[in-house]
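A.B. asks: could you look at this predicted model? Sequence included:
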Number of protein chains: 2
Amino acid sequence: MNGRELSPALVIGAGLVGASVAHALTRAGVQVHLQDKASSHAQVAASRGAGTTAAPEPSQVRLVVVAVPPASLAKVIAKALNTYPNATITDVGSVKGTVLADLRATGLDLARYVGSHPMAGSQRVGPLTATPDLFVDRTWVVTPHDTSAAHAVLDVNELAKLCGARLVSMGAAHHDEAVAQVSHLPHLVSVLVAGRLTEVPAEHLRLAGQGLRDVTRIAGSDPQLWRQIISANSAAVRQELAQLRDDLDGLLASMDAAADLTGVLQRGLDGTRALPGKHGLSAVSYAHVVVEIPDAPGALGRLFRDIEAAGVNVEDLRIEHDLEAERGWLSVQVAPDRAADLAAVLTTAGWTVRDHEPQL
Amino acid sequence: MNGRELSPALVIGAGLVGASVAHALTRAGVQVHLQDKASSHAQVAASRGAGTTAAPEPSQVRLVVVAVPPASLAKVIAKALNTYPNATITDVGSVKGTVLADLRATGLDLARYVGSHPMAGSQRVGPLTATPDLFVDRTWVVTPHDTSAAHAVLDVNELAKLCGARLVSMGAAHHDEAVAQVSHLPHLVSVLVAGRLTEVPAEHLRLAGQGLRDVTRIAGSDPQLWRQIISANSAAVRQELAQLRDDLDGLLASMDAAADLTGVLQRGLDGTRALPGKHGLSAVSYAHVVVEIPDAPGALGRLFRDIEAAGVNVEDLRIEHDLEAERGWLSVQVAPDRAADLAAVLTTAGWTVRDHEPQL
């Protein structure tokens, strides 16, 4: 390997993220030791080639990656600082400020600790789901603190690079505010909307469309994990929730004034445009070509052969299932100037094309 | 045609929904007349085969479908009741109670009026996007009132059937409460979350994942149209917003109590499970097989050929685009017991498979 010497490394916690880091480091030529409170997790990860469950010589360890649940992070990091005197210590928790505060309270020298947060965004868990590619082209936030030593920061930057991730550096509090805005608040709002559905009669739920499904999808995540994440970032999250509450009061107050209500709706539209689209660009309007597909093996294969024959690049796609019939539609997003061509080719090939118009 | 005699029919308003109704009726053998305040709209729809722009003989008209913006519905319906003395009158507005109340205030005999709401769910607009298949297998809510005549109700039921939709019958207030719950509240929540993004620094937005995109997608809809919809259903929407506000206060109060916060998160998970999944079943856990795809014409075609060769039924799929590189991943949902097979076949065929595990 080129770059900094991170071998041997120790990964503590062999769940999805820890085991994936171990796989990536092993692939990069680093000798990886695995530990997990559930030794079967470490054994599973080791048996899949992520490293060894043999204990390392403590003084030899160059890098420790702590990948345990949020509530245990500070304790495990503090112990690692004491046990591995020559190692850079990092963690992969999704909240950084509370961990750092807890570590400061121990009075330990934190020069060798640098927090980080790989944004893998997977809803899956456990070592069986691990893969060395989990972080490829994902954002990996590194959060140096005032007393982080230069070599430790460089080691953690190198870790992110070896995992194929894109490095973003920011302070812990800054990071926590940012994820409260773009991740924790949207998560809790999805939870609140989904939670209300428990009181909605089944007959009403039959009127639900794709919009409700989109809004509530992330509410299907693990409540225990998210309880720890939200609790660890409660100050920033509370602030976001308070602002949302103000916005909600503003919306309620605007309900009788057409211009005000339009303003609220327009602000939402503006917000969707602020969000970066694919490939780092702002959101682009594609055209949708909506094609009926029978819900049977091979139908999509035949359909994509015909799309390929049309020579049109597919920008995005979505399957809409029929609630009752064994039937679905594929919505294919393509460049607006190619939609009519694609629709014509598919119609000629015998497919039922329902729409082929630009998206709003 | 079999069934009730709806010919000649008049469609007032030649936007997406009106023109699509006209296309469907024409295909069913009904003679359709088209009117639109913007005569070019009616002409475009007629030129595409939706009907004729010639004025009908008023006493002959059997069915009038009013498909104008929400704020104009009551006025246009009232005028139609006077102008077409032998016609059943319906509308396709997405809120029913306020229109009915406004009509009652006119003192007109409403026996020939029956409201309806085809849930086409398209974000597209205008007569060019119209298609006779817009309503096929969609829910079409018919909202008879106390004084609707039997023949008028049967005529509107027949209209929904001719359009290929699935009929659901409920009262206007009941309908409005249901759509406030499953459509208007989620829409406004999406708007509020998206609206907050206008105040979030671009650097933070780069940490956003698919979850935020899902939650804010419907906030990208037309603010003017939604202002009319929300205003027309403001009583029911206000009640939903007030309940959401209570839930938000409850969440804020739960932030310091782990068990309470877990309860809020668990309720959200329960809500996602209450939502009907595809084909009318409850949501099923599928396995995800995540495959890297180059962003180029034909890649998906080759990939689906290989999936087809594996003989595995694709239940759903999603393209995740990389924010910076010309690269994407296709997440394919399949039955859990087929995921490992599919991953093996695709790996053998040279694809990079990142995950193949059950969804949480």
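C.D. replies: Noted; the coordinates are in hand. Numbering: from 1, shown residues only, chains lettered A, B, ... in the order given.

A.B. asks: which regions of chain A lie under the pLDDT threshold?
C.D. replies: Counting by pLDDT under 70, chain A has low-confidence residues at A:1-3, A:121-129, A:277-286, A:294-297, A:318-328, A:355-360.

A.B. asks: which one's the longest helix in chain A?
C.D. replies: helix A:234-254 (DSSP state H).

A.B. asks: please parse chain A into its domains.
C.D. replies: A:9-170, A:175-274, A:287-358 (automatic domain parsing).

A.B. asks: one step back: which positions in the helix or strand just after the longest helix of chain A come out as buried?
C.D. replies: Of the helices and strands lying after helix A:234-254 in sequence (DSSP states H and E), the nearest is helix A:258-274. Of the residues in helix A:258-274, A:L261, A:T262, A:G263, A:V264, A:L265, A:Q266, A:R267, A:G268, A:L269, A:G271, A:T272, A:A274 count as buried by neighbour count, 16 or more other CB atoms under 10 Å in any protein chain shown. (Each C-beta comes from the backbone N, C-alpha and C, glycine too.)

A.B. asks: now do stretch A:54-71
C.D. replies: Taking 16+ other CB under 10 Å as the criterion, stretch A:54-71 shows A:P56, A:V61, A:R62, A:L63, A:V64, A:V65, A:V66, A:A67, A:V68, A:P70, A:A71 as buried.

A.B. asks: report how many residues lie close to the residue nearest to the third one when sequence neighbours are not counted.
C.D. replies: It stands for A:R62. With CB to CB, 6 or more residues apart in numbering or on different chains as the criterion, A:R62 has its nearest non-adjacent residue at 5.3 Å, and that residue is A:L6. A:L6: 24 surrounding residues under other CB atoms under 10 Å in any protein chain shown.

A.B. asks: that older thread, as CSV, the buried residues of helix A:258-274 with distance to B:I77 would be great.
C.D. replies: What follows is the buried residues of helix A:258-274, written out as CSV (distance: CB to CB, whole Å):
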residue, distance to B:I77
A:L261, 24
A:T262, 24
A:G263, 30
A:V264, 29
A:L265, 26
A:Q266, 29
A:R267, 33
A:G268, 30
A:L269, 30
A:G271, 36
A:T272, 34
A:A274, 40
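
A.B. asks: the helix or strand harbouring A:H174 and chain B, are they touching?
C.D. replies: Using DSSP H and E, A:H174 maps to helix A:172-179. Yes - using CB under 8 Å from any CB of the partner chain, helix A:172-179 reaches chain B at A:E177, A:A178, A:V179.

A.B. asks: which one of the residues you listed is nearest to chain B?
C.D. replies: A:A178 (3.8 Å; CB to the nearest CB).

A.B. asks: mind listing what the residue nearest to the closest one when sequence neighbours are not counted touches?
C.D. replies: Leaving aside its chain neighbours, A:A178 sits nearest to B:H204 (3.8 Å; criterion: CB to CB, 6+ apart). By CB atoms under 8 Å, 6 or more residues apart in numbering or on different chains, the contact list for B:H204 reads A:E177, A:A178, A:Q181, A:V182.

A.B. asks: which among these count as buried?
C.D. replies: The neighbour-count test (16+ other CB under 10 Å) marks A:E177, A:A178, A:Q181, A:V182 as buried among the contacts of B:H204.

A.B. asks: can you pull out the strands in the stretch 251-360 of chain A?
C.D. replies: Ranges of strands in the stretch 251-360 of chain A, per DSSP state E, counting those that start in this stretch, are A:287-294, A:316-321, A:327-334, A:353-358.

A.B. asks: can you give me the angle the first one makes with strand A:327-334?
C.D. replies: Yep, that's strand A:287-294 we're talking about. Angle of strand A:287-294 versus strand A:327-334, following axes from the mean of the first three to the mean of the last three CA atoms, to 10 degrees, is 150 degrees.

A.B. asks: and strand A:287-294, what does it pack onto?
C.D. replies: With contacts taken as 3 or more CB pairs under 8 Å, 6 or more residues apart in numbering or on different chains; DSSP states H and E, strand A:287-294 sits against helix A:299-309, strand A:327-334, helix A:339-348, strand A:353-358.
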